[in-house]
Structures are given as C-alpha cells and as structure tokens.
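Asks: Sequence plus the predicted model coming up.
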Amino acid sequence: MTHELEETVPIERIYEGEALEASVRQMSREGALTVEVRKGGSVSRSSTSGQGSVVRLRVR
C-alpha cells in the first residue's frame, strides 16, 4: 500500500502493520526536518536540513 501526502508540519501519522518504508522531503529553505518512528517501545529519529533534502527510512 502506498500513500503520498503533501502536508504542513508538524504532523503526526499513525500506521499499524508489519513494515513501513518512507521518504520524507524538506520543501522549505529554512529550518530542519526531523522524522521520528516508534515501534515496540523503541524510538528512532532522523534529521536533515536544507531545501530538497530527504529522510529515507525502513522499519520491519
């Protein structure tokens, strides 16, 4: 299943399933992008900055 979202941050999305694969692109020139993923009590955070930069993640 694929979802394409175009939204203003901050935003929170909750998904239930066995795996998640995502790419999140920073569209603004200013600030930084931080993506946080929580699974089974574990937390993973990835950050990037600069217009056009991308955070890619895969959780299984």
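Replies: Received it, and whenever you're ready, just let me know what you need.

Asks: contacts and neighbour counts: CA atoms only from here.
Replies: Will do.

Asks: Now the nearest residue to R60 once chain neighbours are set aside. Its backbone dihedrals?
Replies: Computed as C-alpha to C-alpha, 6 or more residues apart in numbering, the closest residue to R60 that is not its neighbour in sequence is A19, at 4.3 Å. Phi and psi for A19, reported as degrees, to the nearest 10, are phi -150, psi 160.

Asks: Can you give me the neighbour number for A19?
Replies: If you count neighbours by other C-alpha atoms under 10 Å, A19 ends up with 9.

Asks: ditto for L33
Replies: If we define neighbours as other C-alpha under 10 Å, then L33 has 21 of them.

Asks: again, but for I14
Replies: 6.

Asks: Look up how far R25 lies from it.
Replies: Look at I14 and R25: by C-alpha to C-alpha, to the nearest Å, they are 19 Å apart.

Asks: residues in contact with G31?
Replies: G31 makes contacts with S49, G50, as judged by C-alpha atoms under 8 Å, 6 or more residues apart in numbering.

Asks: Begin at 76, not 1, for the rest of this chat.
Replies: All right, first residue 76 from here; so that's G106.

Asks: so which helix or strand takes in the residue nearest in space to the middle of the chain?
Replies: Residue closest to the average C-alpha location in the chain (C-alpha atoms, centre = their mean): V110, at 4.1 Å. Counting by DSSP states H and E, the element that carries V110 is strand 107-114.

Asks: Report the distance from the very next helix or strand once past that strand to the chain centre.
Replies: Using DSSP H and E, the helix or strand that directly follows strand 107-114 along the chain is strand 117-124. Taking C-alpha atoms, centre = their mean, to the nearest Å, one finds the center of strand 117-124 at 8 Å from the center of the full chain.
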